[in-house]
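A.B. asks: Have a look at this fold, sequence not included:
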Ligand code: APR
């Protein structure tokens, strides 16, 4: 059985990484759109760098939770029959042991050269970043996909959605496209679809089945049942 799992901010919530659209919808006083657009970066790169620098630094204080670990275990058991796609820019899936994660919205621990397009692993601040190590000249930006930009790996994701038997969405509000449309794509190709989220997502009615609760409870329970334990 081929499985595609899409994860969102909700899977990292129990690790202490704040989600985007709960509470007051603000991130350290900013509207997400004001620090997550190419226009914002052009207008005020310092604010954008400070925003992502703080989030990158915060990664050192969080750990993967039971939901990340359960998905890593699933990968160990079914290998490339699992396609794990995340909208998250944290690295908690990798730190739980997942080896083939598609980061469709990029990664906090990566920098992107505006000139040559090289992606470089990046742990520290980008505020006073040196020029790109690849071309020696380019300005570095956070390697994250902003509103209005095209997500990474859309072709590979489309292929996986077309081929899968089961599509599972974990911890995402369903407010941001194209990820929000994956359920409809998978269904159109005949997959069964399951939502695991704290509350019903915007598109909860698109799923065959929805279970509501904490990812740290729902995901390990779902994985155990799938692998017959
Ligand atoms: N377990 C399961 N789900 C949870 C938990 C939890 N412990 N805590 C919160 N949630 C749910 C919320 O109820 C919400 O539906 O996770 C969802 C998080 O939604 P968002 O904050 O909108 O995050 P996400 O869907 O990942 O956002 C998509 O939007 O801002 C952009 O690029 C950013 O990748 C992000 C994209």
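C.D. replies: That came in fine, so what should we check first? Just so it is clear, the structure is predicted and the values come from calculations on it, not from any experiment.

A.B. asks: all contacts plus neighbour counts: C-alpha atoms, from now on.
C.D. replies: OK.

A.B. asks: And the pLDDT at residue 29?
C.D. replies: What the model reports as pLDDT for residue 29 is 72.

A.B. asks: quick thing: my sequence starts at 850, can you match it?
C.D. replies: In the new count, where the first residue is 850, that last one comes out as residue 878.

A.B. asks: so how far is the ligand from it?
C.D. replies: According to CA to the nearest ligand atom, to the nearest Å, residue 878 stands 14 Å off from the ligand.

A.B. asks: List the residues that contact that residue.
C.D. replies: Contact analysis of residue 878 by CA atoms under 8 Å, 6 or more residues apart in numbering lists nothing.

A.B. asks: Next: residue 1036.
C.D. replies: So residue 1036 contacts residue 1042 (CA under 8 Å, 6+ apart).

A.B. asks: Would you agree it falls within a helix?
C.D. replies: Yes: counting by DSSP: H, G, I helix; E, B strand; the rest coil, residue 1036 is part of a helix.

A.B. asks: And the pLDDT for it?
C.D. replies: 98.

A.B. asks: Then residue 1049?
C.D. replies: On the pLDDT scale, residue 1049 is placed at 97.

A.B. asks: swap in residue 884?
C.D. replies: 89.

A.B. asks: And residue 979, by the same measure?
C.D. replies: So residue 979 comes in at 81 (pLDDT).

A.B. asks: all helices for this protein, in order.
C.D. replies: Secondary structure of the chain, counting by DSSP state H: helices at 859-862, 881-884, 887-892, 894-907, 915-927, 941-945, 1003-1012, 1031-1037, 1064-1075.

A.B. asks: mean pLDDT lowest for which of these?
C.D. replies: Among those, helix 881-884 scores lowest, at a mean of 82.

A.B. asks: thinking again about what came up before, most tightly packed of the helices of the chain?
C.D. replies: Of all the helices of the chain, helix 859-862 carries the top mean neighbour count, a mean of 24, counting by mean count of other CA atoms under 10 Å.

A.B. asks: other SSEs contacting it?
C.D. replies: helix 1064-1075 (3 or more CA pairs under 8 Å, 6 or more residues apart in numbering; DSSP states H and E).

A.B. asks: could you dump the helices of the chain to CSV with distance to residue 980?
C.D. replies: Formatted as CSV, these follow (distance: least, CA to CA, whole Å):
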stretch, distance to residue 980
helix 859-862, 32
helix 881-884, 22
helix 887-892, 17
helix 894-907, 15
helix 915-927, 34
helix 941-945, 27
helix 1003-1012, 29
helix 1031-1037, 37
helix 1064-1075, 40
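
A.B. asks: so which of these comes closest to residue 1022?
C.D. replies: Closest to residue 1022 of the helices of the chain, according to CA to CA: helix 859-862, at 8.2 Å.

A.B. asks: for the ligand, what are the nearby residues on the chain?
C.D. replies: By CA under 6 Å from any ligand atom, the part of the chain that sits against the ligand consists of 857-860, 862-863, 868-871, 936-937, 1020-1023, 1025, 1046-1048, 1050, 1063-1064.
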